[in-house]
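> From the sequence below, what's the structure:
(chains A and B)
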There are 2 protein chains.
Amino acid sequence: MMTSHSYVPFSLDEAADMVEKGLAAIKLPAGPAELYDPIRYVLSGGGKRLRPSLVLAACSLFSEKPRQALPAALAVEMFHNFTLVHDDIMDHAPVRRNKPTVHRKWNQNVAILSGDVMSVLAYHLLAGIPSGLLGPVLRIFNKTAIEVCEGQQMDMDFETAQEVTEEEYIRMIGLKTGSLLAASLQMGAILGGSSTSDANALHAFGLNLGISFQLRDDWLDVFGDPEKFGKRTGGDILSDKKTFLLIKAMEQARGTVREELLSLIGNKKVPAREKVGRVKDIYLQLNIGKITREKMEVYYKKATGSLEEVNVTEQRKRILKKFAGELMEREH
Amino acid sequence: MMTSHSYVPFSLDEAADMVEKGLAAIKLPAGPAELYDPIRYVLSGGGKRLRPSLVLAACSLFSEKPRQALPAALAVEMFHNFTLVHDDIMDHAPVRRNKPTVHRKWNQNVAILSGDVMSVLAYHLLAGIPSGLLGPVLRIFNKTAIEVCEGQQMDMDFETAQEVTEEEYIRMIGLKTGSLLAASLQMGAILGGSSTSDANALHAFGLNLGISFQLRDDWLDVFGDPEKFGKRTGGDILSDKKTFLLIKAMEQARGTVREELLSLIGNKKVPAREKVGRVKDIYLQLNIGKITREKMEVYYKKATGSLEEVNVTEQRKRILKKFAGELMEREH
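Have a look, this model is predicted:
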């Protein structure tokens, strides 16, 4: 017979479903239309709801009631979408999740201001968490929000930088991608009643998983199977993006290989497919694919090592182990 | 002999000084430079520090220690400056406080992202208030932040609107200008230990004073003394801004006067001084100056009426009475 304390397994799918319903239940005013229509548009635009699902999943490690972390989960998703709206302006991105970006569908002012409101709405959602935990969670949220902005600024700085070191790059993706994954898990844990050390271990798990995840993203753009990747590979090469692969190749290349690589970076005259092919050849010659996969593995192991430290049963950890595994096996 | 409970009068100058020192003591990281240099630039750029001073002043009505409201005061000033940075992008404003705006001195992306960080920093400062009051104050802050954005959106909508009613205009300036003044006083009161009804009365005082203040701003742009106003009058007329004066004139004008007014609005061919002169003549003919001053007076009286309701001694109220009086007598 089940006791009231027995563990009811909670899946990421269930978490994503809870998030989706929570987002749909957010009541926004009808007007001004140009302020709230874009927010409705963005929130209903799908996305994997990874970060808020992790908030709930982390909470489920320590509590039978993951729903109590829903306000924080929704706040994280709202904040994440706010950063996408503003990043898309800054990056001049025309499309997001197969739909026109807000600044393209409406205009730039609409994207700035509705983004601003989304960031405030994130805090509005956060204000719904129990008052005893509000202070600590708010402080984590603020620290993380600032880190995400710092990561975005570093990413933009890299576009015009002469040289970017591996260390700087890892720091950037840790801030831009790892930080919010880490904080999602940490906040979820705290809201589930975890100890500080367990919450910190989950933060480390998320941070390193995020770094590993971004390295895999860089790798997939060059070595992914275009069928499974869902788009042609080589986009980063064509836009001369300073990914881990390019940074590593620049570090390793000598002599004529280096000259060849330097002649290709920023070169808009070489036809697209030729440029991708020639850079990929250099990567193969320098073993960059293998070096990247090894680096991914280093951060993945750091991540799973941190998960080991968390003081809950293996059964409870399964949801996050499965998540980490799937994330690293994804082909898109 | 003074007792420890005797009231030490607190002036707005002292409040502004406390704010200035508080802002100077905020430690920002050195880098990324393009993220934090603009924030230092904006915060050191002066400004009257009205809103944060009102937070402290409202606190001083109920407490001998206005300093305890300093984190909230700094949060309000940080938030206000964030809105200015983003508004200046949206309005294509080249100058703010006699210095180039952030998007002009750096670029637009820098202005978007450093603005975003300022909004997070506002919440970071807010997180410094005592945990027992954090929830209520956070909720007021969020509500107000959203109202300010709604006001800005309405203001932009008005630019292209065929017709704006007096009611819509008053609502817009209440949101864009009144709301943050109101919340500053309300939050300061709560942090000083006031009752809810006193805090609400101060909110009403600030809201109506803000509306009155904005009406005076509209009036000064046409009827102010250019010497004291610090700039040539008529700027709103030249930019066809739908101020209270224009809205009222459009409502009142009939026949040939209406035709004359309609022919001038949006007309870029009429020389600047001539256009200002002709619109001003219409305002004089229709008694718009007097109507505006009467409306100012209505909101000013509402404001002071709310201040009367606050349950503290006359001596304590003096700081806000003086403030209200000075605000309405200012010539710039």
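
> So which other helices or strands are in contact with the helix or strand that contains A:E326?
Using DSSP states H and E, A:E326 falls within helix A:314-329. Applying 3 or more C-beta pairs under 8 Å, 6 or more residues apart in numbering or on different chains; DSSP states H and E, one finds that helix A:314-329 contacts helix A:12-24, helix A:50-62, helix A:196-223, helix A:288-309. For the C-beta atoms, the positions are set from N, CA and C on the backbone; glycine is no exception.

> Would you mind finding the most buried of the ones you listed?
Mean neighbour count (mean count of other C-beta atoms under 10 Å in any protein chain shown) peaks for helix A:50-62 among the helices and strands packed on helix A:314-329, with a mean of 28.

> That helix packs against which elements?
helix A:12-24, helix A:70-90, helix A:179-191, helix A:196-223, helix A:314-329.

> which stretches of chain A aren't confidently modelled?
A:1-8, A:229-231, A:331-332 (pLDDT under 70).

> what do you get if the cut-off is 80, keeping everything else the same?
By pLDDT under 80, the low-scoring segments of chain A are A:1-9, A:226-232, A:330-332.

> Following element in sequence after the longest helix along it, please.
Taking DSSP state H as the criterion, chain A has its longest helix at helix A:131-160. Using DSSP H and E, the helix or strand that directly follows helix A:131-160 along the chain is helix A:166-173.

> how about that next one, does it reach chain B?
No: if you take C-beta under 8 Å from any C-beta of the partner chain as the test, helix A:166-173 misses chain B, and the best it gets is 9.7 Å.

> What residues sit buried inside that helix?
A:Y169, A:I170, A:R171, A:M172, A:I173 (16 or more other C-beta atoms under 10 Å in any protein chain shown).

> swap in stretch A:225-244?
So for stretch A:225-244, counting by 16+ other C-beta under 10 Å, buried means A:F229, A:T233, A:G234, A:D236, A:I237, A:L238, A:D240, A:K242, A:T243, A:F244.

> Up against chain B, what does the stretch 151-300 of chain A have?
Applying C-beta under 8 Å from any C-beta, we find that the stretch 151-300 of chain A lies next to chain B at A:Q152, A:Q153, A:M154, A:M156, A:D157.

> Quick one, which of the residues you listed are buried?
Buried by 16+ other C-beta under 10 Å: A:Q152, A:Q153, A:M154, A:M156, A:D157, out of those.

> and the nearest residue to the last one once chain neighbours are set aside, what does it touch?
Yep, that's A:D157 we're talking about. Distance criterion C-beta to C-beta, 6 or more residues apart in numbering or on different chains; nearest residue to A:D157, sequence neighbours excluded, is B:P32 at 6.0 Å. By C-beta atoms under 8 Å, 6 or more residues apart in numbering or on different chains, the contact set of B:P32 is A:E150, A:Q153, A:M154, A:D157.

> Tabulate those residues (CSV), appending distance to A:Q214.
Output for the contacts of B:P32, formatted as CSV (distance: C-beta to C-beta, whole Å):
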residue, distance to A:Q214
A:E150, 15
A:Q153, 17
A:M154, 13
A:D157, 17
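
> will you turn the helices and strands packed on helix A:314-329 into CSV that also has distance to B:G224?
Output for the helices and strands packed on helix A:314-329, formatted as CSV (distance: least, C-beta to C-beta, whole Å):
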stretch, distance to B:G224
helix A:12-24, 49
helix A:50-62, 52
helix A:196-223, 56
helix A:288-309, 63
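
> okay, now the closest residue to A:N109 other than its chain neighbours: neighbour count?
Computed as C-beta to C-beta, 6+ apart, the closest residue to A:N109 that is not its neighbour in sequence is B:M90, at 4.5 Å. Look at B:M90: counted by other C-beta atoms under 10 Å in any protein chain shown, it has 18 neighbours.
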